[in-house]
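Asker: Sequence first, then the predicted structure, then my questions.
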Amino acid sequence: MSQNQILFFIFLFCLNPFLGTLSLLIVKMMINKRDTNSDFLVFLFITLFVCLLQYTRIWNPNLQSDWYGGAYWGLFLKVPNTSFVEYTIGAYKEPVWNLLNYIGYYITCGNYQIFSGAVAITTNGLLAYSIYRYWKYANLPSVTLISMLSLLLFFSEYFGTINNLLRQFFAVSIVIYVYVGKIISGKVNWWLLIAACFIHTLSFIFLPFIVWKPLFHTIKWRQLIYIILVLCISVIVINNISFLSRLFSSIDFLMYGFSRIESGANPADKNYLAFDSTAVYVTAIFVSAMCILMNYFLRKDKCTIFLTYVMFFLMIICILIYNLLPEIMTRIYVMRFCIWPFVLPLFMVKYKPVNTVYAWGIFIFFFTRFLVTFDDIGGGGFFPPIADLLPRTLIQYLI
């Protein structure tokens, strides 16, 4: 794509972000030819467009959202009345999240709407950038990049869930960034990974994956069965979590993690997100089957194996703990929103004619569905009507 064409699309985006994004995506999907400048522009336009939509979020405490609760807004407002040491180092849980709140309070002059919005936008940006880096490293077609970004940023459930699980999705976005860095460079940014775990405790579930080297290669069937058996045994151990809770009662952050696991067995827990059992089992089995096909039967790239296994095992865990730990299961279940853009769009990537149709299908379905269901995201009321947002210029979004 020539420099003049790039400038034209940038001008069109400034004039109308929706029109500029849609026009570029259609052109790129029709040409489907890798080009450094235009491919980066695809990533940039989709990410900016979605972040602009996120920026218009309506701040209303009457809406059903965790953002207004004690772990979010309430925690944020405690900053001026609490010493730095007590607020961060002395925190009962997730000290890194507390540290970010402490810094964010003074940067935003105590405006939680700006702080929480910045965290949500950072989450979107970090996940989108991870997708772009992963796509570039795997040397995939342009249509696949568009389908990967669409499966995340134009997925209505992800857009709605981030309103209710801001801290968890922020932590997972950091984990995914570290995972992609490991795949590309072979190195693990342990500082970021540990920080993610102390932003949201459930992120600890991702640590075993990255240290288990066989997951970066196609493991034998026998080993796969052994791993599943270990997961089953782990579920039995979790069923007796009260013993571990007493054993590590002197370590605050571990105690908090164990207490969350114990409360996760209680459907009356205030954080419990109800999911129909049939939907969970069907989705988990379907995605698991796709992962098995990708890693054992279809032509594949070495760099795609690891995240496919992560997706597979998370779905197996959801199946195993659905009845035992329903609240924890839902938290793991929604994590798939951040991982399957690295898996499902790559299902037919080695079969070019089919992959093009497959990528078009993902983009058209999720983009159309996103626009149609936007006004009902999170139960409705979180954003202005989509009909009012799409005609806006870039300046109108920002002011």
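Answerer: Good, I have the coordinates.

Asker: what comes into contact with stretch 84-100?
Answerer: Contact with stretch 84-100 is made by 75, 78-79, 101-102, 119, 167, 195, 198-201, 252-253, 256, as judged by CB atoms under 8 Å, 6 or more residues apart in numbering. The way it works is simple: take the backbone N, C-alpha and C, and place the C-beta from them, glycine included.

Asker: just curious, which of those residues is nearest to Ile233?
Answerer: Ile233 has its nearest neighbour among these in Thr201, at 21.9 Å by CB to CB.

Asker: Can you tell me how far the closest one is from Thr82?
Answerer: For Thr201, the distance to Thr82 equals 21 Å [CB to CB, to the nearest Å].

Asker: Mind checking which of these two has more residues around it?
Answerer: Between Thr201 and Thr82, counting by other CB atoms under 10 Å, Thr201 is the more crowded of the two (22 against 15).

Asker: about what we covered before: show me which of the contacts of stretch 84-100 are buried.
Answerer: Among these, the ones that count as buried by 16 or more other CB atoms under 10 Å are Leu75, Val79, Asn101, Tyr102, Val119, Arg167, Ala195, Phe198, Ile199, His200, Thr201, Phe253.

Asker: Show me the residues you listed that map onto helices.
Answerer: Leu75, Asn101, Tyr102, Val119, Arg167, Ala195, Phe253 (DSSP state H).

Asker: Can you redo these as TSV, where the extra columns are pLDDT and distance to Trp360?
Answerer: Listed next are these as TSV, based on pLDDT from 0 to 100; distance: CB to CB, whole Å:
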residue	pLDDT	distance to Trp360
Leu75	87	44
Asn101	93	43
Tyr102	93	47
Val119	94	33
Arg167	91	35
Ala195	94	38
Phe253	52	46
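
Asker: From what I see, Gly379 and Ser156 are in contact.
Answerer: No: look at Gly379 against Ser156 with CB atoms under 8 Å: they stay out of range, at 11.9 Å.

Asker: More neighbours: which of the two?
Answerer: More neighbours surround Ser156 than the other of Gly379 and Ser156, with 17 against 12 (other CB under 10 Å).

Asker: gap between the more buried one and Ile121?
Answerer: 18 Å.

Asker: between the contacts of stretch 84-100, which is closest to Phe365?
Answerer: Ranked by distance to Phe365 (CB to CB), those are led by Val119 at 28.8 Å.

Asker: who are the neighbours in contact with that closest one?
Answerer: Val119 touches Leu100, Leu166, Arg167, Phe170, counting by CB under 8 Å, 6+ apart.

Asker: Can I get those in JSON lines including distance to Tyr179?
Answerer: Converted to JSON lines, the contacts of Val119 look like this (distance: CB to CB, whole Å):
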{"residue": "Leu100", "distance to Tyr179": "21"}
{"residue": "Leu166", "distance to Tyr179": "20"}
{"residue": "Arg167", "distance to Tyr179": "19"}
{"residue": "Phe170", "distance to Tyr179": "15"}
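
Asker: For the host helix or strand of Ser173, buried residues please.
Answerer: Using DSSP states H and E, Ser173 sits in helix 166-185. Using 16+ other CB under 10 Å as the burial criterion, the residues of helix 166-185 that qualify are 166-183.

Asker: now stretch 375-387
Answerer: Asp375, Ile377, Gly378, Phe382, Phe383, Ile386.

Asker: hmm, who's touching it?
Answerer: 53, 56-58, 60, 63-65, 156, 159-160, 163-164, 371, 374, 389.

Asker: For the stretch 101-250 of the chain, which residues score under the pLDDT cut-off?
Answerer: Within the stretch 101-250 of the chain, the set of residues satisfying pLDDT under 70 comprises 237-250.

Asker: got a list of what the residue nearest the centre of the chain touches?
Answerer: The chain has Cys338 as the residue nearest its centroid, 2.9 Å off, counting by CA atoms, centre = their mean. By CB under 8 Å, 6+ apart, the contact set of Cys338 is Leu127, Leu152, Tyr158, Phe169, Val172, Ser173, Ile176.

Asker: host element of the residue nearest to the last one when sequence neighbours are not counted?
Answerer: Counting by CB to CB, 6 or more residues apart in numbering, Ser130 is the residue found nearest to Ile176 once chain neighbours are left out, at 5.0 Å. Assignment of secondary structure by DSSP H and E places Ser130 within helix 112-138.

Asker: got it, and Phe49?
Answerer: Secondary structure from DSSP H and E places Phe49 in helix 36-55.

Asker: ok, residues contacting that helix?
Answerer: So helix 36-55 is in contact with 1, 5-6, 9-10, 13, 17-18, 20-21, 24-25, 28, 117, 120-121, 124-125, 128-129, 131-132, 136, 142, 145-146, 149-150, 153-154, 159, 374, 383, 389, 394, 397-398, going by CB under 8 Å, 6+ apart.

Asker: tell me the angle it makes with helix 112-138.
Answerer: Helix 36-55 runs at 160 degrees relative to helix 112-138, counting by axes from the mean of the first three to the mean of the last three CA atoms, to 10 degrees.

Asker: Can you give me the neighbour number for Ile114?
Answerer: Ile114 has 14 neighbours, counted by other CB under 10 Å.

Asker: And it, how far from Thr108?
Answerer: 4 Å.

Asker: hmm, back to that, output the ones in helices among the buried ones among the contacts of stretch 84-100 in CSV; the columns should cover distance to Ile292.
Answerer: Formatted as CSV, these follow (distance: CB to CB, whole Å):
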residue, distance to Ile292
Leu75, 42
Asn101, 42
Tyr102, 45
Val119, 36
Arg167, 32
Ala195, 33
Phe253, 36
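
Asker: State the pair within these that is farthest apart.
Answerer: Using CB to CB, the two most remote members of these are Val119 and Phe253, lying 20.7 Å apart.
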